[in-house]
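Peer 1: Please find the sequence and the predicted model below.
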Amino acid sequence: HEYLQTQNPPADFHLHVLPQIKHIIREALKAGKAKLEPLPDSVLQPFQVFGFDFLLDQDLKVWLLEINGSPASRELLLPDMSLGIITTAILPSF
């Protein structure tokens with residue numbers, strides 16, 4: 001966020017950057033949808049955590065660098081991420 005404030009005029013992450021990130025993620029998931037859906041006769045509803053790496057250029061354009069199927073996570077993020085997975089993906093099934 002600090003870098004965005006150094007721009008002339010200052011840029012807002014939620015207004016200039018986040019919409020691009022969301023669009024890229026949405027398009028990437030749509031492109032891989034057929035490979036991500038469970039088999040038709042499966043009673044299981046599997047899920048996977050993906051890590052998206054982005055670059056931000058000097059014009060504030062977001063570029064997709066890579067998508068990781070097994071992303072490494074900082075330890076401080078794990079409790080919140082684990083709770084989010086349980087709440088979103090597991091508890092609704094019970």
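Peer 2: Arrived safely, thanks for sending.
Peer 1: Show residues contacting the lengthiest helix in the chain.
Peer 2: Assignment by DSSP state H gives helix 18-31 as the longest helix of the chain. Outside helix 18-31, the residues that touch it by Cβ atoms under 8 Å, 6 or more residues apart in numbering are 36, 52, 54, 61, 62, 64, 67. In short, each C-beta sits where N, CA and C put it, glycine included.
Peer 1: Let me have the residues you listed in TSV, extended by neighbour count and secondary structure.
Peer 2: Output for the contacts of helix 18-31, formatted as TSV (neighbours: other Cβ atoms under 10 Å; DSSP: H, G, I helix; E, B strand; the rest coil):
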residue	neighbour count	secondary structure
36	13	helix
52	15	strand
54	14	strand
61	11	coil
62	18	strand
64	15	strand
67	15	strand
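Peer 1: least confident pick among those residues?
Peer 2: pLDDT is lowest at residue 36 among these; the value there is 77.
Peer 1: residues touching that one, list them.
Peer 2: 29, 48.
Peer 1: got the buried residues for the longest helix of the chain?
Peer 2: 20, 24 (16 or more other Cβ atoms under 10 Å).
Peer 1: Confirm for me that residue 65 is in contact with residue 53.
Peer 2: Yes: the pair formed by residue 65 and residue 53 meets the contact definition of Cβ atoms under 8 Å, at 4.2 Å.
Peer 1: Would you mind measuring from residue 23 to residue 15?
Peer 2: To residue 15, residue 23 is 14 Å away according to Cβ to Cβ, to the nearest Å.
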